[in-house]
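Undergrad: Okay, here's the prediction I keep looking at, along with the sequence it came from:
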Amino acid sequence: MKTWVKVVPCSKSESIAEKSGLLEVRVKEPAEQNKANYAVLRLLEKHFNADIRLIKGATSRKKLIEITER
């Protein structure tokens, strides 16, 4: 399954919420040296208990991810 994700880096807490048809993922890590991307993938893997792959948007706040069952 593919879905769009909006990332909010440098948040006070980590969370996942659905807003406007997108998953909004808040992470504590800053958006530098892929720290926020790795945090998003880790958080989504834990939330869905599945493998997550970033398809598009490595340098953007809006990302396309693929969720596959383990």
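TA: Structure received.
Undergrad: number of nearby residues for Phe48?
TA: Residues lying near Phe48 (other Cβ atoms under 10 Å) number 17. The way it works is simple: take the backbone N, C-alpha and C, and place the C-beta from them, glycine included.
Undergrad: residues contacting it?
TA: Going by Cβ atoms under 8 Å, 6 or more residues apart in numbering, Phe48 touches Ile67.
Undergrad: Report the spatially closest residue to the residue nearest the centre of the chain, excluding sequence-adjacent ones.
TA: Geometric centre of the chain, nearest residue: Val40, 3.6 Å, by Cα atoms, centre = their mean. In this structure, Val40 finds its nearest non-sequential neighbour in Val25, 5.1 Å apart by Cβ to Cβ, 6 or more residues apart in numbering.
Undergrad: per-residue confidence for the one you found?
TA: Looking at Val25, its pLDDT is 98.
Undergrad: Bridged to it, which residues?
TA: Val7, Ile16 (DSSP bridges).
Undergrad: Could you verify that Asn37 is part of a strand?
TA: No: using DSSP: H, G, I helix; E, B strand; the rest coil, the assignment for Asn37 is helix, not a strand.
Undergrad: Ala58 is in contact with that one, correct?
TA: Yes: counting by Cβ atoms under 8 Å, Asn37 touches Ala58, with 6.4 Å between them.
Undergrad: Nice, that's everything, thank you.
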